[in-house]
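In: No letters, just coordinates:
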């Protein structure tokens, strides 16, 4: 039977004139079976639509056509290559919210149903069979990726954002993409911070217009782990340390000055990130105009707005795409409306970032509530939206979790997805961790007990191997549910348990932690501050990790805990719901399933029930507890797995035309 084919030609990074059909499919380099997976038939079936992309410089082979996008027909029976299926992603109501390119390696899975490309059933659907994805396979389509962030470990870090932006680029580069990370070069009060010792000054100053004048920006560059790490420097940056992001709220009379510095810092970051791919010949070649910008949180949210307002009207970046990654929606970069003139945007683009506070949120009767919201601007102009877990992608569309942006995010639900963060499995590995007392693995758990004894000795608790040891690692603030732990501690301490906490933040919670240690000397220990070796020791030495977060976009500590055989007890929210499977001892012929306990609603009573179920299982059902430990340790939360999912969103971003107005 004959099938219809569409031929396009892949362009270089330099923008050129092309028709809409060619522009839309310029990122494809294979001939592929395209169509909804359930309706795709075997080679003996009827007609189907295929897409062919001819590589630049290649010969005009069979079935190819000219650059003008003409259709060519060829015999399907003679076609030997098979490409991806185009499947659909649906929401809970059955509405199509996206498309999924599925590799045609013989068998595929679509919406939980497996299909074989070699054999079909009598109704035209493929037989259902399970196959595993080859972990080390490189991506089918590579991109020039520019990741823009306020922090990236190990260079700068205040929280999970730094971990993500320090690990994801390496995973994407390992899969064949060209990756640049653009971040500030924080000086930490010294002329040359040792963290940036290997970064070389490119001796290239660029000029960008913002804050009412021309600003000069320089770049330091380090090529590490296949990634171009690019650090911005400006003598007007007034940078001290990335921790000022958090410390600003404690600076009293200097608050106004620090807000101005922060506003200037990240406005300059966004402008420079847009210029860097055009002017910096890293490795001898610029990244060019056909880039994929991954912008993280409000700090980088001006990038999609600049692409639409400053560049595309003049034909620059017309083939680029931008993806906004939301790590925490509660921080949106809201500033007074008068600061719009500092952003370097045309006056007519004010509506993209305009924000009006509701009446109840205004400070006084004369307050009009007018402001600018940088994150809102990115939500409007970015080509795709991502959150760091599937559960959080739904929560931000609700009134409770949307922080005023839920209506706008709901309107863009068709381009909103969630991908759970990965973890650094080299740093967090109980079989090789240099910080813990004894190494162990899912195959040999003996070292886990030794780590518990070593932790009890180090923090000064009585050595009791059979006593459930509960741990907490994280910020001491309202979001993390510390007030819930504080109210429940008297009842928790009535049980035969021990409790270890590590964290810093709210001074009131820090003082409470010290007072609780004095009140329960044989059962409770609190470590005020943050210490990397101690965090590893708590993760390895505890039996249970408690995370009663009010909201958690993804959460990393529960992933670390499961990898170390420490069973999490978490609030049923966001990424915690996605990653922790509730324990059920009665399935699989009594062998059980699940990796921990989730509780809801967020109340002290609900948390205590889940916590006591965990401690009771630890004491009375050792075989079930061992199953919980092993299942958690065997979960795949590597960045390789997350990078594969990111690639899918990249392809979706290039299927649609970019935002232009």
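Out: Sure thing, it's come through. If you're wondering where the values come from, they're calculated on a predicted model, not measured in any experiment. Residues are numbered from 1 along each chain as shown.

In: beta partners for residue 228?
Out: Beta bridges link residue 228 to residue 180, residue 223 when assigned by DSSP bridges.

In: ok, it - contacts?
Out: 178-181, 221, 282-283 (CB atoms under 8 Å, 6 or more residues apart in numbering). C-beta coordinates here come from the backbone N, C-alpha and C atoms, glycine included.

In: Next one: it from residue 303, what distance?
Out: Noted for residue 228: a distance of 17 Å to residue 303, by CB to CB, to the nearest Å.

In: returning to that earlier point: out of the contacts of residue 228, which comes closest to residue 486?
Out: Among the contacts of residue 228, residue 181 lies closest to residue 486 (CB to CB), at 38.8 Å.

In: Now for the closest one: which residues touch it?
Out: Contact analysis of residue 181 by CB under 8 Å, 6+ apart lists 147, 149, 152, 165, 169, 227-230.

In: same thing but at 7 Å, please
Out: Taking CB atoms under 7 Å, 6 or more residues apart in numbering, we find residue 181 in contact with 147, 149, 152, 165, 169, 227, 229-230.

In: and if you look at residue 327?
Out: 160-161, 164, 296-297, 388, 553.

In: Do you know the pLDDT at it?
Out: According to the prediction, residue 327 has pLDDT 95.

In: what's the answer for residue 253, then?
Out: At residue 253, pLDDT is 45.

In: cool, and residue 125?
Out: pLDDT, residue 125: 30.

In: domains of the chain?
Out: Following the TED database, one finds the domains of the chain at 144-331+375-389+415-422+644-655, 445-636.

In: May I see those domains organised as TSV, with distance to residue 407 added?
Out: Shown next, in TSV, are those (distance: least, CB to CB, whole Å):
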stretch	distance to residue 407
domain 144-331+375-389+415-422+644-655	11
domain 445-636	18
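
In: comparing the ones you listed, which gets the lowest mean pLDDT score?
Out: Looking at the domains of the chain, the bottom one is domain 144-331+375-389+415-422+644-655 with a mean of 87.

In: mind listing the helices for the stretch 401-550 of the chain?
Out: For the stretch 401-550 of the chain, the helices defined by DSSP state H, counting those that start in this stretch cover 406-411, 446-459, 482-492, 507-519, 532-541.

In: nearest to residue 277, of these?
Out: Here helix 406-411 is closest among the helices of the stretch 401-550 of the chain (CB to CB), at 28.0 Å.

In: tell me what that closest one is packed against?
Out: With contacts taken as 3 or more CB pairs under 7 Å, 6 or more residues apart in numbering; DSSP states H and E, helix 406-411 sits against helix 374-381.

In: Can you point out the buried residues in the helix or strand containing residue 652?
Out: Residue 652 belongs to helix 639-655 when assigned by DSSP states H and E. For helix 639-655, burial by neighbour count (16 or more other CB atoms under 10 Å) applies to 639, 641-644, 646-655.

In: Same question for stretch 488-503.
Out: Result for stretch 488-503 [16+ other CB under 10 Å]: buried residues 488-489, 492-493, 497-503.

In: Specify which member of these is nearest to residue 465.
Out: Among those, and counting by CB to CB, the member closest to residue 465 is residue 498, at 11.0 Å.

In: Against residue 455, how distant is that closest one?
Out: 10 Å.

In: got it, and residue 437?
Out: As for residue 437, its distance to residue 455 is 8 Å (criterion: CB to CB).

In: Repeat that for residue 445.
Out: Distance from residue 445 to residue 455, by CB to CB: 16 Å.

In: And those two? Which one has more around it.
Out: residue 455 (25 against 15; other CB atoms under 10 Å).

In: Could you check what's spatially nearest to the more buried one, not counting adjacent residues?
Out: In this structure, residue 455 finds its nearest non-sequential neighbour in residue 541, 3.0 Å apart by CB to CB, 6 or more residues apart in numbering.

In: Dump the contacts of residue 228 into JSON lines; add distance to residue 392 as well.
Out: Formatted as JSON lines, these follow (distance: CB to CB, whole Å):
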{"residue": "178", "distance to residue 392": "29"}
{"residue": "179", "distance to residue 392": "24"}
{"residue": "180", "distance to residue 392": "27"}
{"residue": "181", "distance to residue 392": "23"}
{"residue": "221", "distance to residue 392": "34"}
{"residue": "282", "distance to residue 392": "33"}
{"residue": "283", "distance to residue 392": "36"}
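
In: Turn the buried ones among those into a named PyMOL selection, would you?
Out: Buried subset of the contacts of residue 228, written as a PyMOL selection, criterion 16+ other CB under 10 Å:
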select buried, resi 178+179+180+181+221+282
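
In: List just the nearest of the contacts of residue 228 to residue 575.
Out: Of the contacts of residue 228, the one sitting nearest to residue 575 (CB to CB) turns out to be residue 181, at 22.9 Å.

In: doesn't residue 150 make contact with residue 158?
Out: No: judged on CB atoms under 7 Å, residue 158 makes no contact with residue 150 at a distance of 8.5 Å.

In: what about these two, which has more around it?
Out: Each of residue 158 and residue 150 had its neighbours counted (other CB under 10 Å), and the higher figure belongs to residue 150 (23 against 16).

In: and stretch 579-587, how far from the chain's centre?
Out: 25 Å (CA atoms, centre = their mean, to the nearest Å).

In: In that stretch, which residues are buried?
Out: Neighbour count says stretch 579-587 has 579-581, 583, 585 buried, by 16+ other CB under 10 Å.

In: Torsion angles phi and psi at the residue nearest the centre of the chain?
Out: Note on the chain: the residue nearest the mean C-alpha position is residue 388, at 4.0 Å, using CA atoms, centre = their mean. Backbone geometry at residue 388, expressed as degrees, to the nearest 10, gives phi -90, psi 20.

In: Next, the contact list for it, please.
Out: By CB under 7 Å, 6+ apart, the contact set of residue 388 is 327, 419-421, 553-554, 575.

In: Those into a markdown table, with extra columns for distance to residue 336?
Out: Listed next are these as a markdown table, based on distance: CB to CB, whole Å:
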| residue | distance to residue 336 |
| --- | --- |
| 327 | 24 |
| 419 | 34 |
| 420 | 36 |
| 421 | 33 |
| 553 | 27 |
| 554 | 31 |
| 575 | 33 |
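
In: Just give me the closest of those to residue 143.
Out: Ranked by distance to residue 143 (CB to CB), the contacts of residue 388 are led by residue 419 at 16.0 Å.

In: Could you check how far the closest one is from residue 296?
Out: Residue 419 sits 13 Å away from residue 296, going by CB to CB.

In: and if you look at residue 622?
Out: Taking CB to CB, one finds residue 622 at 43 Å from residue 296.

In: which residues in the stretch 351-500 of the chain form strands?
Out: Per DSSP state E, counting those that start in this stretch, the stretch 351-500 of the chain carries strands over the ranges 354-356, 370-373, 384-387, 416-418, 469-473, 498-503.

In: Redo these as JSON lines? Include distance to residue 592.
Out: Putting those into JSON lines (distance: least, CB to CB, whole Å) gives the following:
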{"stretch": "strand 354-356", "distance to residue 592": "49"}
{"stretch": "strand 370-373", "distance to residue 592": "47"}
{"stretch": "strand 384-387", "distance to residue 592": "31"}
{"stretch": "strand 416-418", "distance to residue 592": "28"}
{"stretch": "strand 469-473", "distance to residue 592": "21"}
{"stretch": "strand 498-503", "distance to residue 592": "25"}
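
In: Which one, of those, ends up nearest to residue 261?
Out: Once the strands of the stretch 351-500 of the chain are compared by CB to CB, strand 370-373 is nearest, at 16.9 Å.

In: what's that closest one packed up against?
Out: For strand 370-373, the elements it packs on are strand 334-336, strand 354-356, judged by 3+ CB pairs under 7 Å, 6+ apart.

In: for those strands, which one sits closest to residue 548?
Out: Smallest distance to residue 548 across the helices and strands packed on strand 370-373 (CB to CB): 28.0 Å, for strand 334-336.
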